[in-house]
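1. what follows is a predicted protein model with its sequence.
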Amino acid sequence: MEIKKANRLQGTLTVPGDKSISHRAVMLGALAEGKTRISHFLEGADCLSTIDCFRSMGIDIERQGEEVVVQGKGLHGLCAPASPLDVGNSGTTIRLISGILAGQAFESTLTGDSSIKKRPMKRIMEPLSKMGARIESLSGNGCAPLHISGRKLTGIHYQSPVASAQVKSCLLLAGMYADSPTTVTEPFLSRNHSEIMLRQFGAELCSSGTSVTIQPSPVLKGQDILVPGDISSAAYFIAAACLVPGSEVLLKNVGINPTRDGFIRAVRAMGGSVTCVRESFEGEPCADLLIKAGPLHGTVIEGSLIPTLIDEIPVLAVMAAFAEGETVIRDAAELRVKESDRIAVMAENLSVLGADVTPLEDGMVIRGGRTLRGGKVFAHGDHRVAMSMAVAGLMLDGGIEIEGGECVAISYPGFFRDLASLVA
Ligand code: S3P
């Protein structure tokens, strides 16, 4: 994939539905009684993997016009899958489904692509085992494939060492199949889409600070869900519109849940102009975002901000490379265990362009303001790396060639088309 230097970005765009919320809508829809209608569902490969897994467990899911309709069968309505469930590249699918499968009256196996088979699953295996689950890494290395023998679970209070919405959500879903309440406490608050949607479907949850407790055996009722635009997808256009001189872009109906909006806060801290021009609420807070280009400067991104922008750090690194002064990103060791090692991969790719980047164990230091040159970089099978490097390409004489850029289809199949539509 080749991206040429852009003169300016201009126009209005509606980004695809939020990936995290799309996954959760299918999962809770399957476990609810009655129909769940999902509007603005993300048709990315990851969310399609979630649909495939539930179809393999007897759930009828179909597209009806603009909506995805899930015929829920209740908390105990899933059937044993005939073959291993394939989650593809999706960490959210494997970790959240594990919590559901741990409480079923059948056995199952979860597998996926070569990237997912390297990602750490002990973070869910250990707490699920404490709840009484039988879950085993078939390769013995704490990674997928996972074999799960479902059974009745016991509620626990789990102090998670990582701020991970996937771990938290896995345990909340398992908690529905427990005999007593389940509490998860995390070091910092991670995205709370599961809590919001579980309440909407009828579960009883109590949140306090960074702890949340779910009561067992809820009766979930099918819902109409409108999925907001994904702020993680919007981030590439926010970055591009801030960077490319003369740009002005309006992004419609982007989710701005405070556990996800750290990117907007970080961009503003860098001097970027992002204005919420129309706010609305559809189960989750949303806004139209107006972005105008202007000079950027370095900042520090750390601590409780990290979980609120974890997937946007690759594109923040690109912005930092074009900003004046130093940007420090720390407390983000989680980046090392995403779809790729995003610290190593982004440091390598930005260095190829001539940027001054020092990788840290838990982040990176980027000294911006150098004149960067075009070149060839690698996506390493990581959709967020591919889209971040495309943003860099818009700023480079000679543009950029991204090897493996087609992996954007994981979260944003129409990304290159939408980007081209804004390039004036
Ligand atoms: C997600 C949580 C985050 C995020 C991922 C989606 C989710 O992962 O990086 O893209 O939908 O819960 P962690 O929970 O591992 O931080």
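-> Good, I have the coordinates.
2. CA atoms for contacts and neighbours, from now on please.
-> Fine.
3. buried residues of the helix or strand where Asp52 lies, list them for me.
-> With elements taken from DSSP states H and E, the one containing Asp52 is helix 45-55. Of all the residues in helix 45-55, those buried under the rule 16 or more other Cα atoms under 10 Å are Ala45, Asp46, Cys47, Leu48, Ser49, Thr50, Ile51, Cys53, Phe54, Arg55.
4. switch the residues you listed over to CSV; also include pLDDT and distance to Ala133.
-> Converted to CSV, those look like this (pLDDT from 0 to 100; distance: Cα to Cα, whole Å):
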residue, pLDDT, distance to Ala133
Ala45, 97, 29
Asp46, 97, 26
Cys47, 98, 26
Leu48, 97, 27
Ser49, 98, 24
Thr50, 98, 22
Ile51, 98, 24
Cys53, 98, 20
Phe54, 98, 20
Arg55, 98, 23
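5. still on that earlier bit, now the helix or strand following the helix holding Asp52, how far from the chain's geometric center?
-> As assigned by DSSP H and E, the chain's next helix or strand after helix 45-55 is strand 60-64. From the chain centre to the centre of strand 60-64 is a distance of 23 Å (Cα atoms, centre = their mean, to the nearest Å).
6. tell me the strands beside strand 60-64, with direction?
-> strand 67-73 (antiparallel) (DSSP bridges).
7. quick one: list the elements packing against the helix or strand just after the partner strand.
-> Using DSSP H and E, the helix or strand that follows strand 67-73 towards the C-terminus is strand 85-86. If contacts are counted by 3 or more Cα pairs under 8 Å, 6 or more residues apart in numbering; DSSP states H and E, strand 85-86 sits against helix 45-55, strand 107-111.
8. right, and the helix or strand after strand 85-86?
-> The C-terminal neighbour of strand 85-86 among helices and strands, as given by DSSP H and E, is helix 91-101.
9. where's that next one relative to the chain centroid, distance-wise?
-> 14 Å.
10. extract the C-alpha trace of that helix and format it as PDB.
-> Listed in PDB are the C-alpha atoms of helix 91-101, where the atom choice follows Å, rounded to 0.1, in the frame of the first residue of the first chain:
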ATOM      1  CA  GLY A  91      -7.800 -10.800  21.500                       C
ATOM      2  CA  THR A  92     -11.200  -9.400  22.600                       C
ATOM      3  CA  THR A  93     -13.000 -12.400  21.200                       C
ATOM      4  CA  ILE A  94     -10.800 -15.000  22.800                       C
ATOM      5  CA  ARG A  95     -10.500 -13.400  26.200                       C
ATOM      6  CA  LEU A  96     -14.200 -12.400  26.600                       C
ATOM      7  CA  ILE A  97     -15.600 -15.700  25.200                       C
ATOM      8  CA  SER A  98     -13.300 -17.700  27.600                       C
ATOM      9  CA  GLY A  99     -15.300 -16.100  30.500                       C
ATOM     10  CA  ILE A 100     -18.600 -17.300  28.900                       C
ATOM     11  CA  LEU A 101     -17.300 -20.800  28.000                       C
END
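11. before we move on, the earlier item: between the buried residues of helix 45-55, which is closest to Lys338?
-> When the buried residues of helix 45-55 are compared for distance to Lys338 (Cα to Cα), Asp46 wins out at 13.9 Å.
12. correct me if wrong: the closest one contacts Gly88.
-> Yes. The pair Asp46 / Gly88 is scored as a contact, 6.9 Å apart, by Cα atoms under 8 Å.
13. secondary structure element holding Val219?
-> Take DSSP H and E as the rule and Val219 turns out to sit in neither a helix nor a strand.
14. which bits of the stretch 251-400 of the chain sit near the ligand?
-> Taking Cα under 6 Å from any ligand atom as the measure of proximity, the stretch 251-400 of the chain contacts the ligand at Ile310, Asp311.
15. ok, for the one residue in the stretch 251-400 of the chain that gets nearest to the ligand, nearest residue in space, not its chain neighbours?
-> Ranked by Cα to the nearest ligand atom, the top residue of the stretch 251-400 of the chain for proximity to the ligand is Asp311, at 5.2 Å. Once flanking residues are discounted, Asp311 sits nearest to Ser232: 6.6 Å by Cα to Cα, 6 or more residues apart in numbering.
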